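Undergrad: model the following, please.
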Amino acid sequence: MPFCSQCGNQVEPAQPFCGRCGARQPREPAAFQPVAHDPFANVTPRTASILCYIPVVGWIAAIVVLASQRYRPLPAVRFHAFQGLYLFVAWLMNDQVLKWALVPIAHLHLHDLVSLVLFAMSIFMIVKASRDEVYALPLFGELAHRSVSES
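TA: From the prediction side, this is the model:
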């Protein structure tokens, strides 16, 4: 049973004021409990799969999905995360290597053509993931299947 901080009178734990002197009683702070924050706590597996294919920033979602314990038992979501990462690596290679290749094809540079194809693949995979379909893109899908089976 706690005591009044002013006069020492015994007070109830839920009593905000002392019954004898009327002094306000300090409330005990709640015990600090650190909470591990999972950024995907309220995200469905379908949404997590879709986020992995968003151009430019999908790689961040893919890494978080692969690091999350929540999606570890879901091979379809992990497949989308790996495939999204491999698609992002293709974007990087296109921007860093093919950007400098000056091979014009129908008034487009090779870099522009590959960018268009990679963008179309991302949109296609967003649609497939939104329908809960596991579709393996050529080359990327095979690598993603291997990565899921090894982890």
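
Undergrad: which stretches in this protein count as helices?
TA: Read by DSSP state H, the chain holds these helices, from start to end of the chain: 45-51, 58-67, 75-96, 110-130, 140-150.

Undergrad: can I get stretch 141-148 in CSV, CA atoms only?
TA: Included here for stretch 141-148 are C-alpha records, laid out as CSV according to Å, rounded to 0.1, in the frame of the first residue of the first chain:
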residue,chain,number,x,y,z
GLY,A,141,12.6,-16.8,-61.7
GLU,A,142,15.1,-19.7,-61.8
LEU,A,143,17.5,-17.8,-59.6
ALA,A,144,14.7,-16.9,-57.2
HIS,A,145,13.5,-20.6,-57.0
ARG,A,146,17.1,-21.6,-56.2
SER,A,147,17.4,-18.9,-53.5
VAL,A,148,14.2,-19.9,-51.8
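
Undergrad: can you pull out the residues in contact with that stretch?
TA: Residues from elsewhere that reach stretch 141-148 (Cβ atoms under 8 Å, 6 or more residues apart in numbering): 75, 78-80, 82-83, 86, 135-136. All C-beta atoms are positioned from the backbone trio N, CA, C, and that covers glycine.

Undergrad: isn't A48 right up against A62?
TA: No. Taking Cβ atoms under 8 Å as the contact criterion, A48 and A62 are not neighbours in contact, 9.2 Å apart.

Undergrad: ok, those two, which is more surrounded?
TA: Between A48 and A62, counting by other Cβ atoms under 10 Å, A62 is the more crowded of the two (26 against 23).

Undergrad: pLDDT wise, what is the more buried one at?
TA: Per-residue confidence for A62 comes out at a pLDDT of 94.
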